[in-house]
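Asks: everything below, folded, please.
(one chain, ligands or ions: 2)
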Amino acid sequence: AVPTASGNPYTGKSVWNSEYYASEVYAAAALVTDTALKAKISKVASIPTFTWFDTMAKVADLPGYLQAAGSSILQIVVYDLPNRDCHANASNGELTYANNGAALYQQYIDGITAAIKASSGSTVVAVIEPDSLANLVTNLSDSRCSSVQDQYKASVVYALKTLATAGVYMYIDAGHAGWLGWPANISPAATLFAQIYTSAGSSPFIRGLATNVANYNALTAASPDPITSGNSNYDETHYINALAPMLASSGWNAQFIVDLGRSGKQNIRTAWGNWCNIKGAGFGLHPTTNTGNSYIDAIVWVKPGGECDGTSNTSAVRYDSMCGGVDAKVPAPEAGQWFQDYFLDLVNNADPAL
Ligand SMILES: O=[N+]([O-])c1ccc(O[C@@H]2O[C@H](CO)[C@@H](O[C@@H]3O[C@H](CO)[C@@H](O[C@@H]4O[C@H](CO)[C@@H](O)[C@H](O)[C@H]4O)[C@H](O)[C@H]3O)[C@H](O)[C@H]2O)cc1
Ligand SMILES: [Mg+2]
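Replies: Ligands and ions are numbered 1, 2, ... in the order given. Reported below is the predicted structural model:
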């Protein structure tokens with residue numbers, strides 16, 4: 001039987017520590033001789049991050065994670081939309097709508113759903129499709145996005161409806177303050193999110209939205225970063241406090257989780273649209289339900305710090321100029337691959353210090 005949704009899924013529950021990320025971190029520590037640095041690194045291994053299901057093949061790992069997590073929360077990212085990352089190049093995925101992507105994506109979602117239904121006593125929290133709907137708000141001028149907009153919506157709605165039958169608590173990706181927080185973007189964003197929520201049947205398992213995934217914004221900035229000028233929503237708190245009432249007026253009392261995994265340092269970018277392997281970034285506030293904002297269920301680490309945002313190899317198929325840009329640390333490996341030097345910077349720049 002499907003469990004009934006019971007408010008904030010994080011309340012009173014421990015969060016399972018991703019074995020996959022911990023193994024990456026231990027391998028990183030093994031490459032380091034400095035004992036003080038090694039000690040800092042080992043602390044990262046015990047901070048829970050989300051496990052990204054960025055290929056169909058990774059669904060086979062899910063039963064093992066569910067078994068290991070037991071009654072602790074398993075945090076996953078659903079991230080295999082066909083024509084993925086439609087306005088960028090670095091994180092393009094394995095599926096395309098032109099190549100049976102819609103059906104394959106449903107198989108991907110069905111596989112995740114079946115694994116969760118087969119496991120008893122688990123609590124799964126899922127971030128749904130980073131960047132996807134945000135791209136439909138701001139990048140319909142890019143034919144790679146406009147040509148798939150209806151299919152993106154249909155695929156996301158399928159994911160929401162299907163995963164809800166397994167009692168998965170879902171937070172739909174909502175970009176960040178520097179993407180959808182702009183005055184020109186926030187109302188169209190609210191309209192789209194409310195439309196998706198309604199289309200998906202307004203399930204209480206569609207808990208709300210995830211913000212700042214794989215980005216670097218502060219939850220609450222001491223003062224606005226200069227790059228934010230023109231946008232009064234200069235941090236995630238302002239963005240969320242502006243967006244939530246808009247959704248409520250559309251009938252969705254959405255809650256939020258905020259990715260602060262790489263938010264330890266501010267004023268590190270020359271432009272807010274820069275997002276790839278940003279130099280100077282540090283691990284941010286550690287995951288907690290003590291958020292200080294009733295809209296926010298939890299502070300989380302969604303993007304596992306140290307996994308690359310995209311390659312700086314200009315001859316690579318997935319080369320995105322953002323990853324060779326002025327703010328980007330180079331040389332960088334392919335998206336998702338371990339970026340050791342960048343990880344060490346995150347450790348050394350961490351705030352709070354590790
Ligand atoms: O002065 N003004 O009034 C005014 C008004 C409007 C302005 O325009 C806004 O400018 C914003 C930038 O400031 C743009 O935001 C950027 O949009 C990019 C996608 O297009 C995002 O990139 C994604 O980032 C993800 C990780 O977050 C990656 O995983 C993913 O691969 C990658 O594609 C950037 O984060 C995000 O910061 C807005 O679209 C744009 O509408 C600007 C000024
Ligand atoms: Mg990306």
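Asks: wait, H176 sits on A210?
Replies: No: assessed by C-beta atoms under 8 Å, H176 is found out of contact with A210, at 9.8 Å. Where you see a C-beta, it was placed from the backbone N, CA and C, and this is true even at glycine.
Asks: neighbour count: the two, which is higher?
Replies: A210 (28 against 25; other C-beta atoms under 10 Å).
Asks: surely that one meets V127?
Replies: Yes: using C-beta under 8 Å, A210 is in contact with V127, at 4.5 Å.
Asks: pull up the overlap in contacts between those two.
Replies: The overlap between the contact sets of A210 and V127 (C-beta atoms under 8 Å, 6 or more residues apart in numbering) consists of 171-173, 257, 302.
Asks: farthest-separated two in those?
Replies: I172 and V302 (12.7 Å; C-beta to C-beta).
Asks: which residues are common contacts for those two?
Replies: Counting by C-beta under 8 Å, 6+ apart, the shared contacts of I172 and V302 are 127, 210.
Asks: what's near enough to touch the closest residue to V330 other than its chain neighbours?
Replies: Nearest non-adjacent residue to V330, counting by C-beta to C-beta, 6 or more residues apart in numbering: S312, 4.1 Å away. Contacts for S312 (C-beta under 8 Å, 6+ apart) come out as 277, 319, 323-324, 328, 330-332.
Asks: give me that answer again for 6 Å
Replies: Contacts for S312 (C-beta atoms under 6 Å, 6 or more residues apart in numbering) come out as 323-324, 330-332.
Asks: with just CA atoms, put stretch 84-96 into PDB.
Replies: What follows is stretch 84-96, C-alpha atoms only, in PDB (Å, rounded to 0.1, in the frame of the first residue of the first chain):
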ATOM      1  CA  ARG A  84      18.900  16.800 -21.400                       C
ATOM      2  CA  ASP A  85      20.500  20.100 -20.600                       C
ATOM      3  CA  CYS A  86      19.000  21.500 -23.800                       C
ATOM      4  CA  HIS A  87      20.600  25.000 -23.600                       C
ATOM      5  CA  ALA A  88      24.100  23.800 -22.600                       C
ATOM      6  CA  ASN A  89      26.500  21.100 -23.800                       C
ATOM      7  CA  ALA A  90      28.400  19.800 -20.800                       C
ATOM      8  CA  SER A  91      25.700  17.600 -19.200                       C
ATOM      9  CA  ASN A  92      23.900  16.300 -22.300                       C
ATOM     10  CA  GLY A  93      22.500  12.800 -21.600                       C
ATOM     11  CA  GLU A  94      22.200   9.400 -23.200                       C
ATOM     12  CA  LEU A  95      18.500   9.800 -24.500                       C
ATOM     13  CA  THR A  96      17.000  11.800 -27.300                       C
END
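Asks: the helix or strand harbouring A154 and ligand 1, any residue contact?
Replies: A154 is part of helix 149-164 when elements are defined by DSSP states H and E. No: interface with ligand 1: helix 149-164 contributes nothing (C-beta under 6 Å from any ligand atom), its closest point being 13.8 Å away.
Asks: quick check: mean pLDDT across that helix?
Replies: Helix 149-164 carries an average pLDDT of 98.
Asks: next, the angle helix 149-164 makes with the next helix or strand along the chain from it.
Replies: Per DSSP H and E, the first helix or strand lying C-terminal to helix 149-164 is strand 169-173. Interaxial angle, strand 169-173 versus helix 149-164 (axes from the mean of the first three to the mean of the last three C-alpha atoms, to 10 degrees): 160 degrees.
Asks: which outside residues touch the helix or strand that strand 169-173 is followed by?
Replies: Downstream of strand 169-173, the first helix or strand assigned by DSSP H and E is helix 183-199. With contact meaning C-beta under 6 Å, 6+ apart, helix 183-199 is reached by 133, 137-138, 157, 180, 206, 243, 246-247, 250, 252.
Asks: which other helices and strands does the helix or strand that comes right after helix 183-199 contact?
Replies: Sequence order places strand 206-211 as the next helix or strand after helix 183-199, per DSSP H and E. Judged by 3 or more C-beta pairs under 6 Å, 6 or more residues apart in numbering; DSSP states H and E, strand 206-211 is in contact with strand 169-173, strand 255-259.
Asks: let's go with 10 Å and repeat that
Replies: strand 123-128, helix 149-164, strand 169-173, helix 183-199, helix 236-248, strand 255-259, strand 296-300 (3 or more C-beta pairs under 10 Å, 6 or more residues apart in numbering; DSSP states H and E).
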